[in-house]
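Student: fold the stuff below for me.
(2 chains)
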Amino acid sequence: MWTAIARHLLDLLLLSMLLCISCGFGARVLTLMRVKFAYPIEAAVCAIGVGLAVLANGVFIVGVLGWINRTSVLILLAIMLFLSVPSFKVAWRHLITNIYFSFPERLLKLRSIQSPIERIITALCILSLLCVLVGSLSPPTLVEWDSLSYHLAIPKLYLKAGRIYFVHFTSHASFPFTTEMLYTVGLALSGHGLAKLIHFAFFIGCALLLLCVGNSIALQLWHSESQNGSDERLPSPTRSAWAASWALFTMPIALAEASTAYIDMALSFYVLLFVHALMRWLSMRSFGWLGLAAVACGVCMGIKYTGVLLLVPLLCIASLSHVVRKTQRRARLSVTQPLISVAIALIVASPWYIKNLLLTGNPFFPFFYELFDGRWWNEKMAEQYRRHQLEFGTRRTPLHLLLSPWNLTMRSDIPKGFTRSGKEPIRYEVNPNPTSGIGLAFLAFVPTVALMRPLSSYATLLLAICAYWFLAWFYSVQYLRYLLPCIVMLCGIVGYSYSHWFERGVLARAVSQVAMLIAVAYSLLISFAWSLPSVPVVFGIMSEDEYLERTLPSYVAAKYINRHLPKDAKIITYGEPLCYYFERDYLWGDPGHNLLIDYDRVASSSDQMAALFEAYRRLGVTHILLNRRYFALTAEGVPNGLLRRAIEMGLLNQLMSQMGEELYEIDWEAFDAMRKRSD
Amino acid sequence: MRSNSLEMLRCIVGALWICAITVLFVLEHSYLIAYFVEHFLRLANL
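Tutor: This is a model prediction of the structure:
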């Protein structure tokens, strides 16, 4: 038990060190950019964001040069630490002042600001955070499909090879990999525990940034109304900040994501940083803030292709805000500043797109094949992938667009047997389940903005960006995780709306508090249920090995492979992409993932069996792993029917069969003998 | 006077909307909530 806890503490210590170094280095960069902050927390979060982005890009460069290993990561961190020494001196002075004066004062202030129900909400949020922490300290298992198939698996391959290279067997390895570069740091320094904690840190970063965003939205209204001399009851910026942060804890999907090594919380973090920097730029007009927004936009593009969406608001807001102020100097700035900011974003994101362009000929590989063409992909696979992506969600009609907030809230997360109406859930995720819900707060609070007078112009701006993201999502791939950054941005609106209704009479105050309480409590219930199975392994009651054996079939196969197969073995997998725990070379064999084996050519060959096995020989494949839950040997055709026949003919010898996983060794002697006979 | 009653109307509509959505959400998720609560209670007894 104590060993497990000591290992978690070590990971938390390493994470703190990483964040401190990133904060120091980021602060140096932001000082050079002349960005001025209002609060220490804002400065720290922005600095960490910039520092982590620099670290990720540093790892990418080191990886491309072929030097990626623990030593090079440590050297990189040491360089960042050395360059951030001046920031640490300043930060230390601020910290000492804060510890003795500001923090106690603020804690006392917090008690007087929040009502009893609000204090309960804050307490429930802290409990949710602890549940998420427990989940993130557990080893990645079946529920973390994408972590095991590529978010962690590909960085592990890079570390094994000591370089970043083109992974042929999966197109996912060609996605922008900024977050995965940070996971590479985690894997190099400690293991998947640290990698998962990095994603957890982004979740906390989102909560802190939402404090800033919620505060800015309400504060803008105070500024504009004080100029107009209005005597309206305005929403409290402090309450708006807290409620925006609570809203994040009302989302079961965000809590579940935060405990995995996915990338969506990292993307949401930089999207929030983008929005916050834009708001600050609009109020302060310092180019540093626009520069920071541009950097955040570039990082978003480097995390996920959907980040490209932010280029439009960046360009539009940077241009329009100058056009509104019609002075001659402003007119000149209206051309240069937006262009410079877009250029910064493109430069920051460029490594991933240039890499793809050089390796495949398509900067957005494997998407937009019809536009860019490119190597290692073909029309059939592009069409198959497109059709698969369009399977999610509802039809794309204006009526369904109107209904989608309702559907997302009420019908995205309840498995079939648990609905009152008995209706099927809408598939916004592969398997709709309680963690694929967005929670109550959005539908309850966001539409009430229509009734709010006066309205903060920052709320309008945020709503416009969210509406744009939502439309792009609705008319493209209605996969819930792709919407997460938009929903996280909407937390700012929820906070502002809550704060507004709190000031509007007893009824509205009571209702809004109860709604927020129920939203947070429901989410806590789901996150508790989500993290409960991992409690024994996190607290060392069950060993990691035993936990994975019980929960992850591919781990059982991995254990056999790592223990019994020779070092030079190479496994081709069918129906099994979760190969993170494999310590031998492997590739995915299923048609549609890659062009390493041309199954159409095999199918059209006069001797299909020989064609398939010759392809295996060319690739150096020695073993075949079948996951029988997703790969039916009863199906006809290539490769299913061929593999069944190969087993029957004795070309494949079974080595293990457990939990639906079957491992076969290719009997090359039997194959060569068969060929001789047929010749 | 008119703006005051309009403001009050907005308040009532806003509060009713939040209240209605909360009730509908709880009703729609009631089986799920009951399942989890029962599950946790059973675990606690064990």
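
Student: who touches residue 31 in this structure?
Tutor: Assuming you mean chain A. Residues near A:Thr31 by C-beta atoms under 8 Å, 6 or more residues apart in numbering or on different chains: A:Ser87. All C-beta spots, glycine's among them, are computed from the backbone N, C-alpha and C.

Student: not quite, go with chain B.
Tutor: With the criterion set at C-beta under 8 Å, 6+ apart, B:Tyr31 makes contact with A:414, A:417-420.

Student: and the two most separated of those?
Tutor: When the contacts of B:Tyr31 are compared pair by pair using C-beta to C-beta, the two farthest from each other are A:Gly417 and A:Arg420, 11.2 Å apart.

Student: low-confidence stretches in the chain?
Tutor: In the absence of a named chain, chain A is used. Within chain A, the stretches with pLDDT under 70 are A:95-112, A:229-231, A:324-334.

Student: was after chain B, sorry
Tutor: Within chain B, the ranges that satisfy pLDDT under 70 run B:1-2, B:46.

Student: which parts of the stretch 351-500 of chain A sit against chain B?
Tutor: The stretch 351-500 of chain A has residues A:409-410, A:413-415, A:417-420, A:434, A:440, A:443-445, A:447-448, A:451-453 near chain B, with proximity defined as C-beta under 8 Å from any C-beta of the partner chain.

Student: tell me which of those fall in helices.
Tutor: Secondary structure from DSSP state H places A:409-410, A:443-445 of these in helices.

Student: most neighbours among those, which one is it?
Tutor: Counting neighbours by other C-beta atoms under 10 Å in any protein chain shown, the top entry in these is A:Phe445, with 30 neighbours.

Student: gap between B:Ile21 and A:Ala441?
Tutor: Using C-beta to C-beta, to the nearest Å, one gets 9 Å for the distance from B:Ile21 to A:Ala441.

Student: so what sits against both of the two?
Tutor: Where contact means C-beta under 8 Å, 6+ apart, the residues bridging B:Ile21 and A:Ala441 through contact with each are A:Ala515.

Student: now do the SS call for A:Leu663.
Tutor: Following DSSP: H, G, I helix; E, B strand; the rest coil, the label given to A:Leu663 is strand.

Student: give me the neighbour count for it.
Tutor: Other residues close to A:Leu663 by other C-beta under 10 Å number 23.

Student: that one contacts A:Leu625, correct?
Tutor: Yes - under the criterion of C-beta atoms under 8 Å, A:Leu663 lies in contact with A:Leu625, with a separation of 5.2 Å.

Student: spit out the residues that contact the two alike.
Tutor: Shared between the contact lists of A:Leu663 and A:Leu625 (criterion: C-beta under 8 Å, 6+ apart) are residues A:557, A:561, A:571.

Student: who wins for neighbours among those?
Tutor: With neighbours defined as other C-beta under 10 Å, the most crowded of those is A:Ala557; it has 29 neighbours.

Student: which stretches of chain B form strands?
Tutor: Taking DSSP state E to define them, one finds no strands in chain B.

Student: nearest residue to the middle of it?
Tutor: Using C-alpha atoms, centre = their mean, the residue of chain B that lies closest to the mean C-alpha position is B:Thr22, 2.1 Å off.

Student: which of the residues in the longest helix along chain B are buried?
Tutor: Using DSSP H to assign secondary structure, the helix with the most residues in chain B is helix B:2-28. Residues of helix B:2-28 classed as buried under the neighbour-count rule (16 or more other C-beta atoms under 10 Å in any protein chain shown) are B:7, B:10-11, B:14-15, B:17-19, B:21-22, B:24-25, B:28.

Student: likewise stretch A:377-396?
Tutor: For stretch A:377-396, the buried set under the neighbour-count rule, 16+ other C-beta under 10 Å, comprises A:377-378, A:381-382, A:385, A:392-394.
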